[in-house]
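J.: Predicted model follows, preceded by the sequence.
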Amino acid sequence: MSFPGNEAPYDGAMTSARLLAWRLASQRLDGRQAGDPAWIVRHLGAVQAQEYGQSLWAVGLRTRDATGPAVEAAIQRGSILRTWPMRGTIHLVPAEDARWMLDLLAGRRIRQMATIYRRIGLTEQVLGRAADVTAGELRGGRRLRRPDLLARLAERGIDCSASPHGSRGSHILGYLSMTGLVCIGPMDGAQQTFVLLDEWAPRPRRPEDPAAELAARYFISHGPATVRDFGWWSGLPLSQVRAAIERAGPALAATELDGGMYWHGRGQAATRPGDGEAAGVALLLPAFDEYTVAYRDREMLVAGEHQLPPGDLLNPVMVLGGHAVGLWRRVIARGRVRLTLAPFRRLSAGDRDRFAAAAERYAAFLGLPAEIGGAEAAQVRRQRRQ
């Protein structure tokens, strides 16, 4: 699909290697890191964040000289927050954009969940009662840890117990977040806290065309990518996706590869990287990183590893030259971080050195000395599907 005037002329053949190198650049994974964690989240639009520590590294990897405390400080001061804008999954989003993203994206997920809500007794009346109790408990700038908030709901007669479809309490908190009453506040130790969204992000902005702005942000920060990629990432129906791309107009352009149309920021065409520019980029990506999960089609990432289990790209992934070449795991104990690297095949000495440097960078992000070891992929794999 292309719209008149949006094609990007290119005087050389586009290849999958060039496209992946371009994505690395778009996502700020090519060494051109930003200086501010909040800028990175704003650039990407949203960062998948159901695993808190992994999401901190997703931001830190793209931020110059970042440390874990520096990223958390942006969350503490409220410039970044965590909520459920898309796909029923927690994301980091810019605080000022949380409201319009929820309004645009979360309604579809709520409608998809309606049958499950009814099956487990979360009627409109029950959810409304939960909203009233939660607002009363949090009003005035108060924060409550997740178990404490669920206990307050249970004390008021709201069933938060387990169900055949997951914890009722978790469904309630997800619903209250998707409807914009609450969001996740700063961590209290290992526990989530919840706060009122209107109090935590009191200065929301409202784009003139939210869907077109989201499309522009996605393709500028994740492109080149397809219409279906954006549909997967946003959770919007393809008819709405196509209309949003058309309205984004001058911000976007498209390039063809193997008969498919890949959209990106218009001004990026002049700085498209070549195959060789990404070859030496070695990265230890967190689980659920935007580079691996933000695309409907992930075949290009595995480059010959066609027998990988479906969930492999949702693990912490070793990436070399834009391709997934292994998995990795971290264990923190006794004041050190043990990093186990598990490439799918034997790496050259130079590539092993590159990944050792990437591991040291991650240890520096944590502020811990590193111990680096090796293993088979099966020993570090976390089976997941998405």
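T.: Cool, got the structure.

J.: starting at the chain centroid, how far to stretch 285-295?
T.: Its chain's C-alpha centre and that of stretch 285-295 lie 7 Å apart, by Cα atoms, centre = their mean, to the nearest Å.

J.: Can you check the distance spanned by that stretch, start to finish?
T.: One end of stretch 285-295 sits 15 Å from the other (Cα to Cα, to the nearest Å).

J.: top helix in the protein by residue count?
T.: Within the chain, and with DSSP state H defining each element, the longest helix by residue count is helix 98-119.

J.: Using PDB, list the CA coordinates for it.
T.: Coordinates of the C-alpha atoms in helix 98-119 are reproduced here as PDB (Å, rounded to 0.1, in the frame of the first residue of the first chain):
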ATOM      1  CA  ALA A  98      -1.000   8.900  28.700                       C
ATOM      2  CA  ARG A  99      -4.500  10.200  28.700                       C
ATOM      3  CA  TRP A 100      -4.900  10.500  24.900                       C
ATOM      4  CA  MET A 101      -3.200   7.200  24.300                       C
ATOM      5  CA  LEU A 102      -5.600   5.400  26.600                       C
ATOM      6  CA  ASP A 103      -8.600   7.200  25.000                       C
ATOM      7  CA  LEU A 104      -7.400   6.100  21.500                       C
ATOM      8  CA  LEU A 105      -6.200   2.600  22.200                       C
ATOM      9  CA  ALA A 106      -7.500   1.000  25.400                       C
ATOM     10  CA  GLY A 107     -11.200   0.900  24.500                       C
ATOM     11  CA  ARG A 108     -10.800  -1.900  22.000                       C
ATOM     12  CA  ARG A 109      -9.000  -4.100  24.600                       C
ATOM     13  CA  ILE A 110     -11.800  -3.400  27.200                       C
ATOM     14  CA  ARG A 111     -14.400  -4.500  24.600                       C
ATOM     15  CA  GLN A 112     -12.400  -7.700  23.900                       C
ATOM     16  CA  MET A 113     -12.300  -8.400  27.700                       C
ATOM     17  CA  ALA A 114     -16.000  -7.900  28.200                       C
ATOM     18  CA  THR A 115     -17.000 -11.600  28.000                       C
ATOM     19  CA  ILE A 116     -14.200 -12.600  30.500                       C
ATOM     20  CA  TYR A 117     -15.300  -9.800  32.900                       C
ATOM     21  CA  ARG A 118     -18.800 -11.100  32.900                       C
ATOM     22  CA  ARG A 119     -17.700 -14.700  33.400                       C
END
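
J.: can you list the residues that contact the helix or strand just after that helix?
T.: Note on helix 98-119: by DSSP states H and E, the next helix or strand toward the C-terminus is helix 124-138. Under the criterion Cβ atoms under 8 Å, 6 or more residues apart in numbering, residues 117, 144, 149, 152-153, 156, 158-159, 172, 175-176, 179, 181-182, 194-196, 199 lie in contact with helix 124-138. From N, CA and C alone the C-beta is placed, and that goes for glycine too.
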